[in-house]
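> I would like the atomic coordinates for the input below:
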Amino acid sequence: MIACMEAVLLTAPGSVDHFERAMLPLPVPGPDEVRIRIRAAGFNPMDWQKRKTIDSSRLPVILGGEVAGVIDAVGPRVLRFAVDDPVFAYLVRKPGGYAEYVCVRAVFVARKPGPLSFEQAAALPVAGLTAYESVIRAGVRPGDPVLVTGASGGVGSIAVQIARLRGASRIVATAGSDRSARYLTTRLGIPASQVVRYGGRSRADLAAAAIQCNEGRFFRVAFDFVGGAMTSLCADTVGVDGQVVAIATGPHDATHGEAENDEDHLFDKSATVHFVLLSARAALGRPAEWGWYAQRLDELARWTEAGVLRPPEIRNVGRLSVAAVRTAHQILEEGHVQGKLVMTVGGEP
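Below is the predicted model:
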């Protein structure tokens with residue numbers, strides 16, 4: 001019987017140099033938990049943000065918020081899963097993806113979609129759940145024109161597809177490079193005429209270009225998956241009674257001056273801003289509400305199995321190691337990741 005596991009620990013906040021290899025005792029699942037033998041783990045912007053800001057009192061810690069693998073032990077109160085079930089999971093209350101095994105409450109776990117590899121499945125929980133909640137919050141309905149900023153990222157890639165599933169008539173997306181523009185057209189099927197290049201453009205020019213891509217009309221829904229200048233773009237291009245959904249930053253108020261003020265633009269159009277923080281329900285909601293995560297993961301799995309939802313494009317940074325984790329964090333911190341970063345963790349036992 002395996003008694004220990006390999007993991008990559010963060011031992012101090014700040015630099016990627018504070019990641020270290022460790023051999024740790026094999027975790028034991030609690031009554032409501034399953035233990036997953038991890039086959040692949042995903043990386044997200046929140047990983048490097050936690051690395052930078054985590055309280056030293058919580059260290060050392062294993063980071064990593066999403067995994068795919070095979071269940072190898074179940075707690076006595078778990079009825080939905082059995083040993084050897086292939087699954088994917090959102091590690092929201094207790095991170096731990098940078099390791100060979102992790103224990104997680106069953107309410108944050110779903111069966112892995114059959115058509116997906118473990119690497120593809122590991123890229124789905126955080127981006128998929130965030131995109132799903134964003135589209136639901138926006139109330140996308142048949143015939144809506146939709147603006148998606150950050151559409152080539154993990155969240156944006158899935159949000160574009162879910163918006164289409166809900167009947168969006170036209171999707172306009174932003175791109176900062178030729179590579180991103182190609183991803184939008186070839187991977188997501190967005191016509192080149194509906195891709196807005198934002199490099200070197202003023203705020204007014206960028207808004208005019210986005211509206212022109214929508215045949216001169218404002219958008220009923222705008223998704224801000226980037227923050228900064230893209231927040232302003234959403235505020236400028238959403239129409240009367242429109243909906244803006246933000247996952248990065250909020251709109252600037254009048255204290256920032258006209259050049260950066262977003263709130264007045266939204267107020268003048270009676271527009272609504274929704275914030276989506278995926279972890280909020282798990283952090284502040286009652287345990288009875290946590291089953292929402294598994295329900296949404298199950299829905300994402302059904303869509304992928306039906307062939308109507310594709311996972312984000314993935315880039316594998318290597319097998320579980322300090323070098324792979326450091327590489328992923330450096331790429332994430334630089335920004336402009338297309339699709340998702342993952343690492344392979346284990347093979348057959």
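> can you map out the strands along the stretch 101-250 of the chain?
Remark: strands assigned in the stretch 101-250 of the chain by DSSP state E, counting those that start in this stretch are 101-105, 109-111, 145-149, 170-175, 195-197, 219-224, 238-246.
> Can you name every helix or strand that the second one contacts?
Taking 3 or more Cβ pairs under 8 Å, 6 or more residues apart in numbering; DSSP states H and E as contact, the helices and strands that strand 109-111 lies on are strand 86-90, helix 291-306. For the C-beta atoms, the positions are set from N, CA and C on the backbone; glycine is no exception.
> residues making contact with it?
34, 36, 80-81, 85-89, 294, 297-298, 300-301 (Cβ atoms under 8 Å, 6 or more residues apart in numbering).
> Could you spell out the sheet neighbours of that strand, each with its direction?
Next to strand 109-111 in the sheet, as set by DSSP bridges, lie strand 86-90 (antiparallel).
> now the partner strand against strand 101-105, angle please.
Compare the direction of strand 86-90 with that of strand 101-105 by axes from the mean of the first three to the mean of the last three Cα atoms, to 10 degrees and you get 70 degrees.
> Could you list the alpha-carbon positions for the longest strand anywhere in the chain in PDB?
Longest strand of the chain, by residue count under DSSP state E: strand 33-43. What follows is strand 33-43, C-alpha atoms only, in PDB (Å, rounded to 0.1, in the frame of the first residue of the first chain):
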ATOM      1  CA  GLU A  33     -14.800  13.100   0.700                       C
ATOM      2  CA  VAL A  34     -13.300  11.100  -2.000                       C
ATOM      3  CA  ARG A  35      -9.600  10.600  -2.600                       C
ATOM      4  CA  ILE A  36      -8.500  11.200  -6.200                       C
ATOM      5  CA  ARG A  37      -5.400   9.700  -7.700                       C
ATOM      6  CA  ILE A  38      -4.600  12.700  -9.900                       C
ATOM      7  CA  ARG A  39      -3.800  12.200 -13.600                       C
ATOM      8  CA  ALA A  40      -3.700  15.900 -14.600                       C
ATOM      9  CA  ALA A  41      -4.000  19.300 -13.000                       C
ATOM     10  CA  GLY A  42      -5.000  22.700 -14.300                       C
ATOM     11  CA  PHE A  43      -3.500  26.100 -13.700                       C
END
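> after the lowest-mean-pLDDT helix or strand in the chain, next one along is what?
Least confident helix or strand, the chain: helix 263-268 with a mean of 84, by mean pLDDT, DSSP states H and E. Downstream of helix 263-268, the next assigned helix or strand under DSSP states H and E is strand 272-275.
> Would you mark the buried spots in whichever strand or helix holds Asn316?
Element membership for Asn316 (DSSP H and E) is strand 314-319. By neighbour count on 16 or more other Cβ atoms under 10 Å, the buried set for strand 314-319 is 314-317.
> Need the max-distance pair from these.
Farthest pair in these (Cβ to Cβ) is Ile314 and Val317. Separation: 9.9 Å.
> Endpoint to endpoint, stretch 314-333 covers what distance?
End-to-end distance of stretch 314-333 (Cα to Cα, to the nearest Å): 17 Å.
> So for it, what gets flagged as buried?
Buried residues in stretch 314-333, counting neighbours by 16+ other Cβ under 10 Å, are found at 314-317, 320-322, 324-329, 331-332.
> Then stretch 222-238?
Within stretch 222-238, the residues that count as buried by 16+ other Cβ under 10 Å are 222-226, 230-238.
> Appreciated, that's everything.
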